[in-house]
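Enquirer: output the structure for:
(one chain, ligands or ions: 1)
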Amino acid sequence: MTAVRVPGTPLIEDGRLVSTSPATGEEAGRLPVATEADVRAAVERARAAGDWWAGLGFAGRRDRLLRWRGVLARRMEELADLVHTEGGKPVGDAVVEILTAVEHIDWAARNARRVLGPRRVRSRLILAEFTGHLEYQPYGVVGVIGPWNYPVFTPIGSAAYALAAGNAVVFKPSEYTPAVGQWLVDRFAEVVPEQPVFQAVHGLGDVGAALCRSGVAKLAFTGSTATAKKVMAACAETLTPVLLEAGGKDAMIVDSDADLDAAAEACVWGALTNAGQTCIGIERVYAVDQVFDAFVDKVVTKAGRLTVGPDGADIGPITMPSQVDVIRRHIDDAVARGGRPVLGGPDAVQPPYVHPTVLVDVPEDSAAVREETFGPTLTVNRVRDVDEAVERANALSYGLGGSVFGRKRAVAVARRLRSGMASVNSALTFAGMSTLPFGGVGDSGFGRIHGEDGLREFGRAKSVTRRRARSLLPSMTFERTPADVARLVKAAKLMYGRGR
Ligand code: NDP
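Expert: Residues are numbered from 1 along each chain as shown. Down below sits the predicted model:
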């Protein structure tokens, strides 16, 4: 029996997951659906492969990861076309996504030894006869679960760092983008043909759930907050540590001394790129009273120029057909509660497309301000000053990224945002800076990918002490005498007893 095809909605046919273009319904991929036993078998295979991979050492892994990076860079047009077909994203946006992912592979490969490799750690006077050694050892097999909105960037943000740290990876791509996930894994297998160090398992959410319970040593999840909670609950059964990169509702603050042209340009890009289906997308703006009107005018002019359509347009289709209902509900609710569309509005929703929509004066308790919309829509509200802007930006349980435009106070304001990241005088930039950690607070999750923290996330700290000489002040032994204890007391008072 063949089910009715809704463009973009994945189907299972004869044990295969079939993904289709949300714009045209064209088939993009057909991958075998994994059973629970298949997932367990993949993790078993990965265990042996992980031992082999860890045994290559940092230099061996670096060479192979750099070769993988090279293949991705050389074949980026082919991958961008697949990302475009399967998810609907404009090819230009796919190229930017792939470039960012390639940079992360490069940095992780080149820096893993420095950040995770064995090193000597200085001791202190109290254990002066010992030296300390520290290294970050691989977990073994890391499970990676990814979303569809950045099907290259998000899994690589975890997988490249996990691989560089010496782990094998079993990856469950989103059911909307399995072909992109398999493409990444196949290209890795070309440069590492010896062992299944990086594998994909395909299917619906139950396959992700099976991966959580498959015996992986750590689980890195990127997706919605609701699913993150299920993943954490499943992993809790076996005390499997989790890294959760979840949803967001990022705000931009525009101060009175901001460059308004630059702010509007970054706002339109940050809110509308990938049709607004970006975890760190700008969904809310708080502009101070003095610049509010001029800023809104510029945003409307720039956003109004964008084209919408299947090929060659600035804004592609909504990838997940069911998301259109969420976007429609947010716009309708905002308008019903007194919000004013200054661009787009309820008529902008024309499935599978949503035209850019800018809403002003939207009540702070409306869904469009409080919930993740994940569409090419934006609310812009007027505030008295940056203090009020920060208060409103921080009022939600999400806390992923954010952006601040201004001169004098901008960095200080960015530091006050309750979020894992912020960009000053740009939007979304932190995602591409491989040297900086990426992750959220509150409902946006915890743990970090990217940068040194991102590498450490995939290694277990292993501490070793080594005795160099006889102890002058023996303490951790039954051989110590009452006189030794008295000397310990005296030493403790000398070392720590003075001052406050
Ligand atoms: P979902 O949470 O629906 O799905 C994410 C992944 O989890 C998919 O592979 C999904 O499989 C899988 N999954 C579903 N149910 C389960 C389960 N019970 N156990 C384990 N895995 C499961 O998110 P979306 O794919 O819709 O992605 C959009 C969301 O991702 C947005 O909220 C966005 O903000 C967030 N995101 C966060 C990022 C960050 O870095 N913080 C980056 C990018 C996106 P299937 O697709 O087959 O259902």
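Enquirer: for this protein, what's the longest helix?
Expert: helix 91-116 (DSSP state H).
Enquirer: tell me which helix or strand comes right after it.
Expert: Downstream of helix 91-116, the next assigned helix or strand under DSSP states H and E is strand 119-121.
Enquirer: which other helices and strands contact that following strand?
Expert: Counting contacts by 3 or more Cβ pairs under 8 Å, 6 or more residues apart in numbering; DSSP states H and E, strand 119-121 packs against strand 130-138. Bear in mind the C-beta positions are built from the backbone N, C-alpha and C, glycine included.
Enquirer: what does the protein put close to the ligand?
Expert: Selection of the chain residues close to the ligand by Cβ under 6 Å from any ligand atom yields 145-150, 154, 172, 174-176, 204-205, 208-209, 212, 222-224, 227, 230-231, 245-248, 279, 372, 400, 440, 444-445.
Enquirer: please repeat the previous calculation with a cut-off of 5 Å.
Expert: 145, 147-148, 154, 174-175, 204-205, 208-209, 222-224, 227, 230-231, 245, 247, 279 (Cβ under 5 Å from any ligand atom).
Enquirer: thought Val369 was touching Val380?
Expert: No - contact between Val369 and Val380 fails when scored by Cβ atoms under 8 Å: they sit 10.6 Å apart.
Enquirer: can you pull the residues that touch both of those two?
Expert: Common contacts of Val369 and Val380 (Cβ atoms under 8 Å, 6 or more residues apart in numbering): Arg284.
Enquirer: once you drop chain neighbours, what's closest to Ala389?
Expert: Nearest in space to Ala389, with sequence neighbours left out and distances taken as Cβ to Cβ, 6 or more residues apart in numbering, is Tyr286 at 3.8 Å.
Enquirer: what sits against that neighbour?
Expert: Shown in contact with Tyr286 (Cβ under 8 Å, 6+ apart): 251-254, 380-383, 388-389, 392-393.
Enquirer: could you point out which element follows whichever strand or helix holds it?
Expert: Assigned by DSSP H and E, Tyr286 falls within strand 282-288. Next helix or strand after strand 282-288 toward the C-terminus (DSSP H and E): helix 289-304.
Enquirer: how about that next one: buried residues?
Expert: 291-292, 295-296, 298-300, 302-303 (16 or more other Cβ atoms under 10 Å).
Enquirer: cool, and stretch 48-66?
Expert: Burial within stretch 48-66, assessed by neighbour count using 16+ other Cβ under 10 Å, is assigned to 49-50, 53-54, 56, 58, 61-62, 64-65.
Enquirer: nearest to Asp333 among those?
Expert: Ranked by distance to Asp333 (Cβ to Cβ), the buried residues of stretch 48-66 are led by Leu65 at 46.4 Å.
Enquirer: would you say Ala461 is within a strand?
Expert: Yes - looking at Ala461 with DSSP: H, G, I helix; E, B strand; the rest coil, it is inside a strand.
Enquirer: now do it, the pLDDT please.
Expert: Ala461 is assigned a predicted lDDT (pLDDT) of 98.
Enquirer: find the nearest non-adjacent residue to it, please.
Expert: Tyr136 (5.8 Å).
Enquirer: let me see the contact set for the one you found.
Expert: By Cβ under 8 Å, 6+ apart, the contact list for Tyr136 reads 115-117, 165, 455-456, 459-462.
Enquirer: part of a helix, is Glu86?
Expert: Yes - counting by three-state DSSP, Glu86 is located in a helix.
Enquirer: quick check: the residue nearest to it when sequence neighbours are not counted vs the ligand, distance?
Expert: Leaving aside its sequence neighbours, Glu86 sits nearest to Ala28 (Cβ to Cβ, 6+ apart; 3.8 Å). Separation of Ala28 from the ligand (Cβ to the nearest ligand atom, to the nearest Å) stands at 14 Å.
Enquirer: ok, Ala28 touching Leu11?
Expert: No - the pair Ala28 and Leu11 fails to qualify as a contact (Cβ under 8 Å) at a distance of 11.9 Å.
Enquirer: okay, and the common contacts of these two?
Expert: Thr20.
Enquirer: of those two, which one has the most company?
Expert: For Ala28 versus Leu11, neighbours defined as other Cβ atoms under 10 Å are more numerous around Ala28 (25 against 17).
Enquirer: which SS class is the more buried one?
Expert: Three-state assignment for Ala28 (three-state DSSP): strand.
Enquirer: now the nearest residue to Ala469 once chain neighbours are set aside: how far from Met495?
Expert: In this structure, Ala469 finds its nearest non-sequential neighbour in Glu129, 4.4 Å apart by Cβ to Cβ, 6+ apart. Here Glu129 is placed at a distance of 16 Å from Met495 (Cβ to Cβ, to the nearest Å).
Enquirer: these two: who's more crowded?
Expert: Higher neighbour count among Glu129 and Met495: Glu129, with 14 against 11, using other Cβ under 10 Å.
Enquirer: pretty sure Phe295 is touching Asp261, no?
Expert: No - using Cβ under 8 Å as the test, Phe295 is too far from Asp261 to be in contact (9.6 Å).
Enquirer: which strand residues bridge Ser403?
Expert: Here Ser403 sits in beta bridges with Met252, Ser423, going by DSSP bridges.
Enquirer: quick one: contacts for it?
Expert: With the criterion set at Cβ under 8 Å, 6+ apart, Ser403 makes contact with 250-253, 266-267, 270, 282, 422-424, 426-428.
Enquirer: of those, just the buried ones, PyMOL syntax please.
Expert: Selection of buried members from the contacts of Ser403 for PyMOL, criterion 16+ other Cβ under 10 Å:
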select buried, resi 250+251+252+253+266+267+270+282+422+423+424+426+427+428
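Enquirer: which of the contacts of Ser403 lies closest to Thr481?
Expert: So of the contacts of Ser403, ranked by how close each gets to Thr481 (Cβ to Cβ), first place is Ala422, at 57.8 Å.
Enquirer: in the stretch 251-400 of the chain, what residue comes closest to the ligand?
Expert: Closest to the ligand within the stretch 251-400 of the chain is Cys279: 3.1 Å, counting by Cβ to the nearest ligand atom.
Enquirer: how many neighbours does that residue have?
Expert: Residues within reach of Cys279, counting by other Cβ under 10 Å, total 28.
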